[in-house]
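> the following block contains a protein sequence and its predicted model.
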Amino acid sequence: MITCLQCRGVQAPGFHLGVDFGTSHTVAVLRWPDGRTKPLLFDGSPLLPSAVYVDDTGQLVVGRDALDSARLNPGRLEPNPKRRIDEETVLLGPAELPVGDLIAAVLSRVAAESLRVAGELPAVVTITCPAAWGSRHQRLLVAAAAHAGLGEARLVEEPVAAATYFAGVLGHAMPVGTAIVVYDIGAGTFDVSLVERTAGGFRTRAVDGRANLGGLDLDEVLLRRIGEVYGPADPAKWRALTEPTTRHEHRQRQLLRDDVRAAKERLSRHRTADVLIPDLDREVTVTRDEFEDLARPLLAETVRLTARVASHAGFPRERLAGVFLVGGASRIPLVATLVHQGLHIMPTAIEQPELVVAEGSLLAQGVMAVAGASGSAPPGPAGPASAGPAVASPTPPSPAVSAVASPAAAPAGSPAVIEHPPGGPGRPARRRLFTRLLLTVVVALLAGVALWWIWPSNNDSGRPADRPEAVPVACGLVSRASGTAPLPPGQPAPGPSVAPPDMWERYTDPSGFRIDYPKDFRRFGTGVCFGHTGEGRYLGVDQWQQPDTDLVGYWRQKENQVVGGLPGYQLIDIRPRPQYFIAAADWEFRFDDGTERMHALAVAVLTSANRGYAYIWVTRDSTWESNRPELSRLPGVFQPAR
């Protein structure tokens with residue numbers, strides 16, 4: 001465990017330290033007694049990677065050193081401790097460590113650097129946290145700061161710190177009753193908040209965001225495109241770069257990812273940038289136009305959420321003082337362009353947006369002082385919520401930014417977590433059917449170990465039904481018995497002209513459709529769902545009558561209904577699928593299941609018999625590419641009823 005032991009008990013009364021503990025990077029700004037401010041530098045950069053690595057001796061290594069060490073053994077690395085705050089412990093190699101220890105290790109590095117620069121530790125330490133964090137997460141962060149030698153830190157909401165910078169440092173006029181929209185896109189997350197100026201300072205009125213949408217995702221779409229163009233020239237070498245198995249391959253992958261990230265950053269300043277592909281010995285030139293075409297769908301999602309927050313609860317547009325872009329990824333020129341186009345407000349951008357939150361926290365009023373976290377308290381799991389901190393203004397009990405919550409039910413003064421409404425009144429049941437299917441598939445996948453014991457109603461899979469099946473909730477709920485009246489049977493699909501693919505089996509539904517599925521899958525329950533629980537792969541099918549003809553619009557509507565209860569939701573694309581039945585559309589996205597990043601593709605089709613079908617394929621994101629051959633077979637092995 002890293003702690004700044006030499007820091008304890010030594011304080012400089014005139015110094016103030018502001019820390020932005022971020023998902024991917026941590027930033028710290030020191031204010032001198034004369035009012036000067038300066039960011040602390042870690043290995044020459046103001047950005048300290050929030051990564052933690054456990055070495056062979058059990059010591060925790062932080063920052064760039066952690067990332068470098070992980071090239072040899074990535075299983076010992078946690079790149080984003082902030083994302084693991086809901087977990088009590090994290091497994092790094094053979095060691096199971098309290099998540100508070102990982103956070104304390106990062107903050108210890110900050111404490112040591114502030115001591116080196118100032119000669120003494122600051123007497124006042126402020127740390128920022130998301131506006132939607134509850135008391136448990138606040139306590140954990142404050143206890144970790146105390147364990148790191150920073151004393152009893154005070155907390156400021158991240159958007160409040162940004163709004164304070166907007167008014168106090170940039171000098172924008174913000175009379176009481178006005179508000180700004182804080183658009184914060186970092187390396188790993190996107191958050192947007194409506195922050196109102198009050199007589200006592202600033203108050204966060206509404207928040208929304210995506211836990212897995214940031215600069216790293218933009219790196220990923222650029223890397224994927226490079227692979228699509230240049231990978232086929234040598235598939236084996238490209239696979240080694242994207243799915244490394246040796247130490248050399250891990251190093252080469254990191255070099256490629258570093259070069260892709262650097263190219264993305266250069267494209268914010270220049271029209272072209274070069275990427276060297278290791279082992280393939282190819283230098284690729286990427287243009288800004290090409291990158292913007294790839295980034296546009298992800299950034300458009302951030303603008304959609306920003307517009308939703310800006311209009312929250314009918315907040316008068318004339319009282320908006322502006323839109324403030326913060327976070328390192330906001331440097332991308334397309335961000336300002338899309339925000340301007342989407343909101344018709346010219347956003348405010350600055351040269352170093354990653355410093356805004358840390359520096360703004362130095363000036364913020366109404367700081368939340370968290371009680372019950374003394375300097376000796378260990379940063380382990382927090383106690384019950386009833387022992388919560390006293391804060392200047394209450395915050396919602398749920399830490400999930402995208403969680404469904406009713407603003408009217410929130411405590412007075414707390415930020416409203418934007419609701420993603422589940423359909424409007426009077427909407428036909430058929431339009432809610434697949435929403436329930438998809439949501440229950442996903443929620444059940446998140447449940448992971450929950451089992452639902454039932455007898456299968458039939459034995460269409462061809463396997464013996466001589467005992468009760470242990471059915472994962474993921475598939476136990478994927479059933480037409482979930483409250484929707486079954487469709488009248490249609491004419492069976494045309495007889496098979498070919499047998500199922502090798503190592504696949506065929507399922508024929510009583511309503512007439514049929515679909516083939518991998519032989520290592522098993523059927524669960526009474527619904528049409530197959531899967532392999534150990535490998536995290538599932539295939540579900542549902543159907544409805546009188547379907548929508550605009551299937552792209554249908555998916556967009558369903559997205560609005562589903563994402564509010566889906567942790568880490570990240571839209572990849574909603575797109576038409578040409579030349580497939582009468583009409584078809586794909587909805588591809590990622591989400592978190594608590595321990596795994598998942599990847600899903602849902603396909604909606606309209607047939608000439610006026611029947612609608614939707615099938616969804618879900619795997620772990622880490623195995624998506626290796627499972628692509630199976631996914632590519634699905635359009636050919638699905639046959640609707642006539």
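Okay, I see it.
> wait, what's in contact with the residue positioned nearest the centre of the chain?
Nearest to the geometric centre of the chain sits residue 212, at 1.9 Å (CA atoms, centre = their mean). Residue 212 sits next to 188-189, 568-570, 590, 592, 597 when contact means CB atoms under 8 Å, 6 or more residues apart in numbering. Bear in mind the C-beta positions are built from the backbone N, C-alpha and C, glycine included.
> most neighbours of all those residues, which one?
Highest neighbour count within these, by other CB atoms under 10 Å: residue 189, with 27 neighbours.
> hmm, that residue is touching residue 210, no?
Yes - counting by CB atoms under 8 Å, residue 210 is a contact partner of residue 189 at 6.9 Å.
> host element of the residue nearest to residue 234 when sequence neighbours are not counted?
For residue 234, ignoring the flanking residues on the chain, the nearest one in space by CB to CB, 6 or more residues apart in numbering is residue 280 at 5.9 Å. Per DSSP states H and E, residue 280 falls between elements, in no helix or strand.
> my read is that residue 280 contacts residue 235, right?
No - the pair residue 280 / residue 235 is not scored as a contact, 10.8 Å apart, by CB under 8 Å.
> out of the two, which sits in the more crowded spot?
residue 280 (19 against 10).
> tell me who's in contact with that one.
Residue 280 sits next to 230, 233-234, 237-238, 241 when contact means CB under 8 Å, 6+ apart.
> now do the buried residues in the host helix or strand of residue 339.
Per DSSP H and E: residue 339 is located in helix 333-343. The neighbour-count check on helix 333-343 (16 or more other CB atoms under 10 Å) flags 334-336, 338-339, 342-343 as buried.
> contacts for that helix?
Taking CB under 8 Å, 6+ apart as the rule, helix 333-343 contacts 181, 183, 185, 268, 288, 292, 295-296, 299-300, 302-304, 306-307, 310, 323, 325, 329-330, 345-347, 349.
> and after it, which helix or strand comes next?
According to DSSP H and E, the helix or strand after helix 333-343 is helix 356-363.
> which residues are contacting the host helix or strand of residue 262?
Taking DSSP H and E as the criterion, residue 262 maps to helix 247-266. Helix 247-266 is contacted by residues 67, 71-72, 74, 215, 218-219, 222-223, 226, 240-242, 244, 273-279, 286, 291, 331-332 when judged by CB under 8 Å, 6+ apart.
> got the angle for the helix or strand just after it vs helix 247-266?
Per DSSP H and E, helix 247-266 leads on to strand 272-277 as the next helix or strand towards the C-terminus. Using axes from the mean of the first three to the mean of the last three CA atoms, to 10 degrees, the direction of strand 272-277 lies 180 degrees away from that of helix 247-266.
> export strand 272-277 as CSV, just CAs?
Taking C-alpha atoms only, strand 272-277 is exported to CSV below (Å, rounded to 0.1, in the frame of the first residue of the first chain):
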residue,chain,number,x,y,z
THR,A,272,-3.7,15.2,-41.0
ALA,A,273,-1.8,12.9,-38.7
ASP,A,274,0.2,9.7,-39.2
VAL,A,275,-0.1,6.4,-37.4
LEU,A,276,2.7,3.8,-37.5
ILE,A,277,1.4,0.2,-37.3
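> other SSEs contacting that strand?
helix 215-230, helix 247-266, strand 282-287 (3 or more CB pairs under 8 Å, 6 or more residues apart in numbering; DSSP states H and E).
> parallel or antiparallel, list what pairs with that strand.
Strands that pair with strand 272-277, judged by DSSP bridges, come out as strand 282-287 (antiparallel).
> buried stuff in the partner strand?
284, 286.
> can you name the next helix or strand after that strand?
Past strand 282-287, the next helix or strand by DSSP H and E is helix 288-310.
> my guess is residue 606 contacts residue 585. True?
No - Residue 606 is not in contact with residue 585 according to CB under 8 Å; the separation is 9.3 Å.
> okay, and the common contacts of the two?
Taking CB under 8 Å, 6+ apart as the contact rule, residue 606 and residue 585 both touch residue 551.
> pLDDT score for residue 32?
Residue 32 carries a pLDDT value of 91.
> now it. Its backbone dihedrals?
phi -80, psi 160 (degrees, to the nearest 10).
> is the residue lying closest to it once chain neighbours are set aside in a helix, a strand, or coil?
Leaving aside its sequence neighbours, residue 32 sits nearest to residue 15 (CB to CB, 6+ apart; 6.6 Å). Under DSSP: H, G, I helix; E, B strand; the rest coil, the three-state class of residue 15 is strand.
> then residue 205?
At residue 205 the chain is in strand, as set by three-state DSSP.
> near it, how many other residues are there?
22.
> cool, residue 33 as well?
Count around residue 33 with other CB under 10 Å applied: 11.
> surely it and residue 14 touch.
Yes - Residue 33 is within contact range of residue 14, at 3.0 Å (criterion: CB under 8 Å).
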